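**Student:** Task: produce atomic coordinates for the following.
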Amino acid sequence: TRMSHLIYDLLDYSRLDRQGKGGIEGRRGHDFLFHFAAGGPMIAARRPVTMLMVEDNPADVYFSREALEETALPVTLHVVTNGLAAMEFLGRREEFANAPRPDVVVLDLNLPVMNGKELLAKMMSDPEFCRLPVAVLTTSRSETHLSDLYPPDRFLCFTKTDDLHRLQDIIGKIAAHAGM
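**Tutor:** Next comes the predicted model:
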């Protein structure tokens, strides 16, 4: 159908699942499910995605968890409240010695101790973290130029929203970004 060709062309996958099971097999070894919602197709990775959210506002964390639960995406969310804790999590130091390696870092810019821009700079200077996908959620529309601090192919930037459906869409895009 036209939709399957469009999805094939946009995602550049090696083959579509012709058995009618609703999935595709990607050339990088990831499987996907198609979910058709009112707003159009949504693609969700079957492999659980590990997200590290760096956010100091408990209300934003709560709202993000709520949106994540509504999406039914297989995402494990870990939360730290500042950039220094994020570096400890990423480096598996201190209390985070057994922390998983995240597939994506979801980052607020206005953080205590070490702000988001400082965290991005530290991640860029570390060979272990410089290729890790990052999604910035910010209240400022003027902060979307930050892609010069991080590789554009590994960087997304979104304006924070109080609309649950919009946040669900953002989380879906972040989860897809993590599968790069």
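**Student:** What ranges does this structure have for its helices?
**Tutor:** 2-11, 58-71, 83-90, 116-125, 164-178 (DSSP state H).
**Student:** Could you check how far the residue lying closest to G91 once chain neighbours are set aside is from E69?
**Tutor:** Using CB to CB, 6 or more residues apart in numbering and skipping residues adjacent in sequence, the residue nearest G91 is E128, 7.9 Å away. (C-beta placed from N, C-alpha, C; glycine too.) Between E128 and E69 the computed distance is 31 Å (CB to CB, to the nearest Å).
**Student:** one step back: tell me the pLDDT at the residue nearest to G91?
**Tutor:** Reading off the confidence values, E128 has pLDDT 91.
**Student:** Spit out the contact partners of D103.
**Tutor:** Contacts for D103 (CB atoms under 8 Å, 6 or more residues apart in numbering) come out as V49, T50, M51, P133, A178, G179.
**Student:** just to revisit the earlier point, just the helices of the chain: most buried one?
**Tutor:** helix 83-90 (a mean of 22; mean count of other CB atoms under 10 Å).
**Student:** Could you export that one as CSV, keeping only the C-alpha atoms?
**Tutor:** The C-alpha coordinates for helix 83-90 follow below in CSV (Å, rounded to 0.1, in the frame of the first residue of the first chain):
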residue,chain,number,x,y,z
GLY,A,83,24.0,17.5,35.7
LEU,A,84,26.6,16.3,38.2
ALA,A,85,24.3,13.3,39.2
ALA,A,86,23.8,12.7,35.5
MET,A,87,27.6,12.4,35.0
GLU,A,88,27.8,10.0,38.0
PHE,A,89,24.9,7.9,36.5
LEU,A,90,26.6,7.8,33.0
